[in-house]
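A.B. asks: Compute the structure for the input listed below.
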Amino acid sequence: MLLQEEVTVRDLRNNLRVAVVQAEPALFDQKTCLEKALKKIEECAENGAELVVFPELYIPGYPFGMNFGFATGCRNAPGREDWKRYYDNSLLSDGPEIGQLCDAAKKHGIYLSMGYSERDRVTGTLYNSNVMIDPEGRRMNHRKLKPTGSERLVWGDANRDYFPVMDTPWGPMGCLICWESYMPLARVALYEQGISLYISANTNDNPEWQDTIRHIAIEGHCYFINADLLITKASYPKDLNEIHALDDRPDILCRGGSCIIDPFGHLVSECIWDEEAVIYADLDMQKVPASKMEHDVCGHYARPDVLRFDFDR
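C.D. replies: Predicted coordinates for the structure are as follows:
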């Protein structure tokens, strides 16, 4: 097991062992998701992981294929019941469940990234969020800027926690959630902060995404950590009002495709499809500065006299 004392003594700046957890959530069940996550974190730490990354909305799962009774101009009561059930299983950003994740990061001396559905303590609005936690249990929260498509019926637009970047022994680490990575200026907001580690918590198993992640790794000259969910019909509770919305869908609703890409756009891990897996990779962090010799998008390859950028920190 990796202890905090070892983290502080060793020179980890040149090498980083990452674990990407491609796991199937127990949808609408925060308790089971959290229990599984804590077991996976322990497993990853025992295998030497120094950074453990989970997918988008791992707690309490991404409700793929559901519409919660929404149609243009109307809703229905059974859909509202399903939504309330999801709401009840969403987490407060400072609640006891996040506290347990912070405790696990401290116990194992690791950095941790977790996607979850966040419930605002004051307004009750849900946000598609991701939390990064350091080995001291300190955390940074990120809310998805713009939920995609009908996600907007479930989660609100971020109203804070836009582009947090966490300092690590291997350089700055930031996160964008799923299709936020298709927002060029959102990517630049991370590049401007000098990230070495670009975490993408997502539910995006289409083949085009595999091209996108290589482009971003080259563009930002950073490691792209692609953490995707496995979702099957078995992930859902059978007593949902809207369970029959899945009848015509395949048994596997999201195939995964998790992997890690280096700053030159090359795979440094296997890419896993259609099954649960923990992907381990040992990253040579010296590739990050080396890759910027001829292209540094916010440095010597920029033209601030012609192109200017600013964002809300």
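A.B. asks: Alpha carbons of stretch 34-49, in PDB - could you do that?
C.D. replies: Backbone C-alpha positions of stretch 34-49 (Å, rounded to 0.1, in the frame of the first residue of the first chain) are rendered in PDB as follows:
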ATOM      1  CA  LEU A  34     -19.600   4.800  -2.900                       C
ATOM      2  CA  GLU A  35     -18.900   1.300  -1.300                       C
ATOM      3  CA  LYS A  36     -17.600   0.100  -4.700                       C
ATOM      4  CA  ALA A  37     -15.500   3.200  -5.200                       C
ATOM      5  CA  LEU A  38     -13.800   2.900  -1.900                       C
ATOM      6  CA  LYS A  39     -12.900  -0.800  -2.600                       C
ATOM      7  CA  LYS A  40     -11.600   0.200  -6.000                       C
ATOM      8  CA  ILE A  41      -9.500   3.000  -4.500                       C
ATOM      9  CA  GLU A  42      -7.900   0.600  -2.000                       C
ATOM     10  CA  GLU A  43      -7.200  -1.900  -4.800                       C
ATOM     11  CA  CYS A  44      -5.600   0.900  -6.900                       C
ATOM     12  CA  ALA A  45      -3.400   2.100  -4.000                       C
ATOM     13  CA  GLU A  46      -2.300  -1.400  -3.300                       C
ATOM     14  CA  ASN A  47      -1.100  -1.700  -6.900                       C
ATOM     15  CA  GLY A  48       1.000   1.500  -6.500                       C
ATOM     16  CA  ALA A  49      -1.400   4.100  -8.100                       C
END
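A.B. asks: how distant is it from the center of its chain?
C.D. replies: 16 Å (Cα atoms, centre = their mean, to the nearest Å).
A.B. asks: And it, what's buried?
C.D. replies: 34, 36, 37, 40, 41, 44, 45, 49 (16 or more other Cβ atoms under 10 Å). Just so you know, the C-beta spots here come from the backbone N, C-alpha and C atoms, and that holds for glycine as well.
A.B. asks: contact partners of it?
C.D. replies: Residues outside stretch 34-49 that contact it (Cβ atoms under 8 Å, 6 or more residues apart in numbering) are 1-2, 17-19, 21, 23, 25-26, 52, 54, 58-59, 97, 100-101, 104-105, 108-110, 112, 114, 278, 280.
A.B. asks: Just after the element among helices and strands of the chain having the smallest mean pLDDT, pick out the following helix or strand.
C.D. replies: The weakest-scoring helix or strand in the chain, judged by mean pLDDT, DSSP states H and E, is helix 4-9 (a mean of 40). Once the chain leaves helix 4-9, the next helix or strand it forms, by DSSP states H and E, is strand 15-22.
A.B. asks: Among the buried residues of stretch 34-49, which ones are in helices?
C.D. replies: Among the buried residues of stretch 34-49, the subset assigned to helices under DSSP state H consists of 34, 36, 37, 40, 41, 44, 45.
A.B. asks: Switch those over to JSON lines; also include distance to residue 223 and pLDDT.
C.D. replies: Below are these laid out as JSON lines (distance: Cβ to Cβ, whole Å; pLDDT from 0 to 100):
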{"residue": "34", "distance to residue 223": "27", "pLDDT": "98"}
{"residue": "36", "distance to residue 223": "26", "pLDDT": "98"}
{"residue": "37", "distance to residue 223": "22", "pLDDT": "98"}
{"residue": "40", "distance to residue 223": "21", "pLDDT": "98"}
{"residue": "41", "distance to residue 223": "20", "pLDDT": "98"}
{"residue": "44", "distance to residue 223": "17", "pLDDT": "98"}
{"residue": "45", "distance to residue 223": "20", "pLDDT": "98"}
